[in-house]
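Trainee: Dropping a prediction and its sequence here:
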Amino acid sequence: MRTDLVDWPAVAGAGFPFPAGVPAELVAAELAAMLVSPDPTVRDDHAYTAAAQWIRAGRLDAVLTSMGDTAAERFTHPDVQARTFAPLILTCLLKRGPEAPAALPESAVRRWYGQFAAWYPAEPDTRGWDDRSGWLHAVAHGADAAAAFATALPEHRADLLELCARRMTAGDTGYRYVQLEDARLAAAITRILLAPGLDAGRATGWLDVVTAAFEGGGPGAVPPWAFNTFATLQSLHLHLTRGLADGGVPPHAAVVADRVLEVLRLPYAWLG
């Protein structure tokens, strides 16, 4: 795939004007090729930054569905950076959807949701940062996509909350959240809880996954997955208490916080 249709350093230096005379489908193809690059300048500073800006501005409306299909197919890509930048592109597309509904059919959104749901709790490489590849952030990028899917497909809000619970409790990891993954996941859960129509049972039901993960546990070293879960729940408790600047406090914040506190008393028995 060509990645030389655009002088990217020049475009970046000028604030990412859309390249004159280059059809949207060729721009999308070049962005897609760059988004799998292990070079963070190519992938993040140039391709993702340009894609996010041009999708938001409507410059790529003609190719939104094909861009989303390409991104969703990358959830099975062999390279971690390709997998973890896919949800970022899907998030941009889903946010553009209400402004360009004809360009983003619901059938495509449902297709992407299925592919995302299969990938998110199962991604094996959850590192936030790599010294060579830069930001990877599977947990954080996936959290952003989960919140966007909850807006696009409100009937799946309870499923998305459970998906977030499965992600934080996934036991096959040696990585402890150190790049604010817990905060991004907590913010996404809060955004999903802010959506109207969730009753208290569905707002708290996802925590059954969390409590089940700790059944049979005992004394000893805290495994990374448990550390990640406790960190996320601590952050969530803060988000539920303070709310979001652009959304406020979720309707069932108090009952969710009480359930969260029950789990947090496992390591912090001194809590009141």
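Mentor: Looks like it came in fine.

Trainee: Does anything pack onto the helix or strand that contains residue 25? Which helices or strands?
Mentor: Using DSSP states H and E, residue 25 maps to helix 24-34. The helices and strands touching helix 24-34, judged by 3 or more C-beta pairs under 8 Å, 6 or more residues apart in numbering; DSSP states H and E, are helix 49-56, helix 64-73. Where C-beta positions appear, they are placed from N, C-alpha and C, glycine not excepted.

Trainee: Kindly format the C-alpha coordinates of it as CSV.
Mentor: Extracted as CSV, the C-alpha positions of helix 24-34 are listed here (Å, rounded to 0.1, in the frame of the first residue of the first chain):
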residue,chain,number,x,y,z
ALA,A,24,-11.1,10.5,0.1
GLU,A,25,-10.8,6.8,-0.7
LEU,A,26,-7.0,7.3,-1.4
VAL,A,27,-6.6,9.3,1.8
ALA,A,28,-8.4,6.6,3.8
ALA,A,29,-6.2,3.9,2.2
GLU,A,30,-3.0,5.7,3.1
LEU,A,31,-4.2,6.4,6.6
ALA,A,32,-5.0,2.7,7.0
ALA,A,33,-1.6,1.7,5.9
MET,A,34,0.0,4.1,8.3
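
Trainee: Which is the succeeding secondary structure element to that helix?
Mentor: Of the helices and strands lying after helix 24-34 in sequence (DSSP H and E), the nearest is helix 40.

Trainee: Not counting that following helix itself, show me its contacts.
Mentor: Helix 40 is contacted from outside by 133, 134, 135, using C-beta atoms under 8 Å, 6 or more residues apart in numbering.

Trainee: What are the boundaries of the helices in the stretch 101-250 of the chain?
Mentor: 106-119, 138-152, 157-169, 181-194, 200-204, 207-214, 224-242 (DSSP state H, counting those that start in this stretch).

Trainee: doesn't residue 134 make contact with residue 44?
Mentor: Yes. Applying C-beta atoms under 8 Å as the test, residue 44 and residue 134 come out as touching, 5.8 Å apart.

Trainee: These two: who's more crowded?
Mentor: residue 44 (19 against 16; other C-beta atoms under 10 Å).

Trainee: What distance do you get for the more buried one to residue 263?
Mentor: According to C-beta to C-beta, to the nearest Å, residue 44 stands 34 Å off from residue 263.

Trainee: Give the other helices and strands that the worst-scoring helix or strand of the chain on mean pLDDT contacts.
Mentor: With mean pLDDT, DSSP states H and E as the measure, the helix or strand of the chain carrying the lowest mean pLDDT is helix 8-13 (a mean of 93). When contacts are defined as 3+ C-beta pairs under 8 Å, 6+ apart, helix 8-13 packs onto helix 49-56.
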